[in-house]
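S.K.: after the sequence you'll find the predicted model.
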Amino acid sequence: MEAGEETQDLKRTTQNAIQALYRRDAGHEWDRIERHRTEFAVSLRAMEEHLPAPPAAILDCGGGPGRYAITLAQRGYEVTLFDLSPELLEMAQEKAAQAGVTLSGFEQGTATDLSRFADGQFDAVLLMGPLYHLLDETDRQQALAEAARVAKPGGPVFAAFIARYACYIDTATKYPQDAVDHPEIYELIEETGLLPPRADGRVAFVAYFAHPNEVVPLCRSTGLDVVTVLGVEGVVSLRDEAVNALTGDAWERWVDINYRIAHDPCAHGGVEHLLAVCRRPKWRALLRDLGQDLQAHGVDYRLVGGAALALRGLDVEVADLDLEMPKVEAYAFGERLAESVVLPVAWRETETTRSHYGRFEIDGVPVDVIAELERKIGGRWVPTFGATHETVDLGGVAISVLSLEEETLAYLRRGRLGRVSLALPHCNKDRFLTLLRQAQAKGWF
């Protein structure tokens with residue numbers, strides 16, 4: 001069996017194991033949330049803070065028996081529940097009927113394929129379970145990318161993970177001898193995060209345990225902005241019996257405490273679950289539209305700066321879009337964006353830079369248009385609009401960018417060493433050195 005076939009076979013085996021697990025005990029997840037109220041309460045608190053107001057449309061992807069879906073529907077949201085397990089969907093329908101609420105739909109499928117839903121169909125997406133069971137990183141990326149795709153630009157995506165050391169926390173609390181008798185299982189999880197299907201085919205938990213340090217880069221690699229990451233159990237992970245018995249103001253006080261502490265990265269290694277609160281950034285949808293416009297008008301432009309790095313999957317927060325283009329095109333582009341102007345395109349000069357420059361704001365995203373940019377280096381003005389040209393696909397639109405090597409060289413020239421260290425490992429070494437030597441020969445360093 002070749003490597004690709006082995007991978008597909010493992011995915012099928014994993015999916016079958018997950019379905020068998022929930023088929024055997026469909027009520028376990030519903031009851032688990034009842035036993036561990038803090039996880040549910042803190043996650044809901046995050047949703048209260050970051051969800052748009054009802055009746056916003058929400059996709060609860062991997063929502064199982066519908067705990068979150070039903071609660072949000074009771075609060076006036078239009079919720080579609082989507083899950084791999086037919087048994088859990090059937091239970092969710094029963095629970096929704098008992099609660100007297102109507103969900104917008106009950107859909108069966110896998111989180112890595114949401115093709116039945118349109119781009120931007122939902123105001124928000126919950127991914128509160130699928131990432132637990134996707135053993136392959138590309139599948140986790142695909143699930144996050146699909147969640148981002150079906151969310152509206154600017155809409156939140158809530159992505160839950162089982163934390164790396166949850167296996168030890170659970171075992172130390174309930175059956176500590178198991179880690180002594182089966183060290184190979186726990187060491188595999190500790191080293192790789194993987195708890196694969198059992199070789200003997202027995203029904204058992206199958207999961208991926210995410211390290212806290214990988215959550216943000218993973219989410220950003222799929223085009224999501226990360227607002228915050230929460231360790232949702234706060235300080236009561238598997239020591240919550242006394243707190244769970246509280247009611248009224250005392251219970252709410254402990255929810256407040258754990259919600260505050262959940263934001264602290266120091267707590268993230270000692271909880272069972274992590275929740276990344278993300279957003280589908282508006283800049284990507286806007287850049288796609290601008291790319292189509294520039295392409296239609298035949299403009300020779302380059303996207304530069306942080307967005308150009310983020311578009312390649314690098315871990316960069318994007319504050320604005322920087323578009324470099326020829327002078328005539330910059331002024332024509334400015335005329336097409338006249339309704340969004342903050343600063344009209346004009347010649348502007350500072351002690352260190354000069355260019356034809358304009359700033360626009362579209363749907364809350366700043367867009368800088370730059371032509372004939374020069375920076376003062378060694379007492380003389382040096383041009384920056386590069387000769388290299390590559391394209392990066394963004395939803396079917398080819399976005400024009402500098403080569404990563406030239407972009408990195410530009411950061412080096414400006415002393416932006418943090419960006420250099422981020423981008424340089426992804427550069428072609430020979431190409432970068434060639435550009436560097438050419439720049440040195442011109443006296444640009």
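M.R.: Sure thing, it's come through.

S.K.: okay, CA-based contacts and neighbour counts for the rest of this
M.R.: Will do.

S.K.: measure the closest residue in space to M91 that isn't next to it in sequence to E372 for me?
M.R.: In space, and not counting its chain neighbours, M91 is closest to P65: 5.6 Å by Cα to Cα, 6 or more residues apart in numbering. Distance of P65 to E372, given as Cα to Cα, to the nearest Å: 58 Å.

S.K.: who's more crowded, the two?
M.R.: A direct count of neighbours by other Cα atoms under 10 Å for P65 and E372 places P65 higher, at 29 against 17.

S.K.: over to D393. Which of the three states is it?
M.R.: Using DSSP: H, G, I helix; E, B strand; the rest coil, the structure places D393 in strand.

S.K.: distance of it from M128?
M.R.: 29 Å.

S.K.: for the stretch 101-250 of the chain, what are the low-confidence residue spans?
M.R.: Within the stretch 101-250 of the chain, the stretches with pLDDT under 70 are 199-204.

S.K.: could you pull out the helices for it?
M.R.: Ranges of helices in the stretch 101-250 of the chain, per DSSP state H, counting those that start in this stretch, are 130-133, 137-150, 166-174, 177-181, 183-192, 212-221, 241-244, 248-262.

S.K.: tell me what the second one is packed against?
M.R.: Using 3 or more Cα pairs under 8 Å, 6 or more residues apart in numbering; DSSP states H and E as the contact criterion, the elements in contact with helix 137-150 are strand 124-127, helix 130-133, strand 156-163, helix 212-221.

S.K.: so P217 touches D315, yeah?
M.R.: Yes. The pair P217 and D315 qualifies as a contact (Cα atoms under 8 Å) at a distance of 5.9 Å.

S.K.: ok, those two, which is more surrounded?
M.R.: Neighbours were counted for P217 and for D315 using other Cα under 10 Å; D315 has more, 21 against 16.

S.K.: my guess is A207 contacts L195, does it?
M.R.: Yes. With contact defined as Cα under 8 Å, A207 counts as touching L195 (5.1 Å).

S.K.: of D393 and M128, which one has the most company?
M.R.: Using other Cα under 10 Å, the more surrounded residue of D393 and M128 is M128, with 22 against 12.

S.K.: and the helices of the stretch 101-250 of the chain: which comes nearest L417?
M.R.: helix 212-221 (19.4 Å; Cα to Cα).

S.K.: keeping just the C-alphas, turn that closest one into CSV.
M.R.: The C-alpha trace of helix 212-221 is given here as CSV (Å, rounded to 0.1, in the frame of the first residue of the first chain):
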residue,chain,number,x,y,z
PRO,A,212,-1.2,25.5,23.3
ASN,A,213,1.7,26.9,21.2
GLU,A,214,0.3,25.5,18.0
VAL,A,215,-3.3,26.8,18.1
VAL,A,216,-2.7,30.4,17.0
PRO,A,217,-0.3,29.5,14.1
LEU,A,218,-2.7,26.8,12.9
CYS,A,219,-5.7,29.1,12.8
ARG,A,220,-3.7,31.9,11.1
SER,A,221,-2.4,29.5,8.5
